[in-house]
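Asker: Give me the fold of what follows.
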Amino acid sequence: MSSVQARPRIFIVDDEAVVRRTITRALAGGDFLLEEAADGEQALRRADAAAPDLVLLDWSMPALSGLEVVLKLRASWRTRLTPILMLTGRGRVEDKELGLESGADDYIVKPFSVRELRARVESQLSRSHDRRQASPLTGLPGPAALEDEIRRRLEGEEPFAVLHADIDRFKIFNDAYGLARGDDAIRLAARCAQEAARRQGADGAFVAHVGGDDFGFVVDAANAECTALDMTLRFDAQSPRLMALSHVCGDVGAEPGCPALSIGIALAVPGGGECVADICAQAGRAKARLKAVASRFSRYAFSEDAGLLRGDCASEP
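Answerer: Take a look at the predicted model:
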């Protein structure tokens, strides 16, 4: 998946033309698409046609006030997550509280400095991008964020590892227990990945939910095997709680089958000529080798292991 982003679209909503021009000039040097609206109704029509990435909104306007516009933006599925930065001459604490409680994300009092405005705009756009990329089920970053992290590591100096994990027999489990229990299994895998990466990879670990029951994470190379082992042990210890007791001890391949993890590991060294797609493909192939061999327990394998499934019995009693 490409991580190339479109230019952020920013709506400048103010009934005073001089204010709109001032804001436009202040943001003109950034890589933004700037659109102006003279009142709330016009802003709402444009937002419904093409949702903005950020709204800079005046409080005091005729017809619809800024607070009324905030409420309408939050009520629409197209703009309920759009960051809103209120621009106003009201500087009292009570006014700021009212604006934030109505659904605005930030608040800046007129007159404002250009540097402060740009800093707040950049901050809100960054948070908005992260929020939109995050999985609504697990709250973890998505595939684009994972690609960005791998690319950032490739520009560094330290070797690192990319792990690709998914849940074995997930469809069978999902069909037998229902979508809600399937979501529980995905959230469990997310927690195990986060806990393992946090314990084994310290602050440098990065965990992403790339879709469905698939997860990707990046850790220092020295922590790769310990992280994978930690995750398999955690998941195998907790996944039986998702199932009926009669199914936990069933034969491998028997429906519904106790869910387990397969984790493929690719090691990467900056400057080695590999790209993001190469590294992800290596981890994916290692994971595919594991999934080709049925097992009741979670496993992991390194991409360079041609036939040996390292860690195959790591979580067996």
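Asker: Okay, residue 268 and residue 175: tell me how far apart.
Answerer: Between residue 268 and residue 175 the distance, using Cβ to Cβ, to the nearest Å, works out to 37 Å. All C-beta atoms are positioned from the backbone trio N, CA, C, and that covers glycine.
Asker: Tell me, how many residues neighbour residue 54?
Answerer: The burial count assigned to residue 54 is 23, neighbours taken as other Cβ atoms under 10 Å.
Asker: who touches stretch 70-79?
Answerer: Contact with stretch 70-79 is made by 40, 44, 47-48, 51-52, 55, 57, 64, 80, 82, 84, 86, 99, 102-104, as judged by Cβ atoms under 8 Å, 6 or more residues apart in numbering.
Asker: same deal with stretch 198-207?
Answerer: Identification of contacts with stretch 198-207 by Cβ under 8 Å, 6+ apart yields 140-141, 146, 149, 190, 193-194, 197, 215-220, 223, 226-227, 230.
Asker: Please repeat the previous calculation with a cut-off of 7 Å.
Answerer: Residues outside stretch 198-207 that contact it (Cβ atoms under 7 Å, 6 or more residues apart in numbering) are 140, 149, 193-194, 197, 215, 217-220, 223, 226-227, 230.
Asker: ok, and for that stretch, which residues are buried?
Answerer: Buried positions in stretch 198-207, judged by neighbour count with 16 or more other Cβ atoms under 10 Å: 200-201, 205-207.
Asker: model confidence over it, on average?
Answerer: Model confidence over stretch 198-207, given as mean pLDDT, is 74.
Asker: Stretch 119-126 now?
Answerer: 85.
Asker: which residues of the stretch 101-250 of the chain fall in strands?
Answerer: In the stretch 101-250 of the chain, the strands defined using DSSP state E, counting those that start in this stretch lie at 106-109, 160-168, 206-211, 214-220.
Asker: Tabulate those strands (TSV), appending distance to residue 282.
Answerer: Converted to TSV, the strands of the stretch 101-250 of the chain look like this (distance: least, Cβ to Cβ, whole Å):
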stretch	distance to residue 282
strand 106-109	42
strand 160-168	8
strand 206-211	15
strand 214-220	12
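Asker: out of those, which comes closest to residue 235?
Answerer: Among those, the nearest to residue 235 by Cβ to Cβ is strand 160-168 (8.4 Å).
Asker: start to end distance for stretch 288-298?
Answerer: Across its full length, stretch 288-298 reaches 13 Å between end residues, using Cα to Cα, to the nearest Å.
Asker: oh, and call the first residue 30 from now on, that's how I've got it
Answerer: Yes, from this point I'll number from 30; that puts the last item at stretch 317-327.
Asker: and of the buried residues of stretch 227-236, the nearest to residue 139?
Answerer: The closest of the buried residues of stretch 227-236, once distances to residue 139 are taken by Cβ to Cβ, is residue 235, at 39.6 Å.
Asker: what bridges to the closest one?
Answerer: Assessed by DSSP bridges, residue 235 has beta-bridge partners residue 247.
Asker: Next, work out how far apart it and residue 39 are.
Answerer: According to Cβ to Cβ, residue 235 stands 29 Å off from residue 39.
Asker: how about low-confidence regions in the stretch 80-229 of the chain?
Answerer: Counting by pLDDT under 70, the low-confidence segments of the stretch 80-229 of the chain come to 106, 120, 158-162.
Asker: which residue ranges form the helices in it?
Answerer: Assigned by DSSP state H, counting those that start in this stretch, the helices in the stretch 80-229 of the chain fall at 95-104, 122-130, 143-162, 172-183, 199-206, 208-230.
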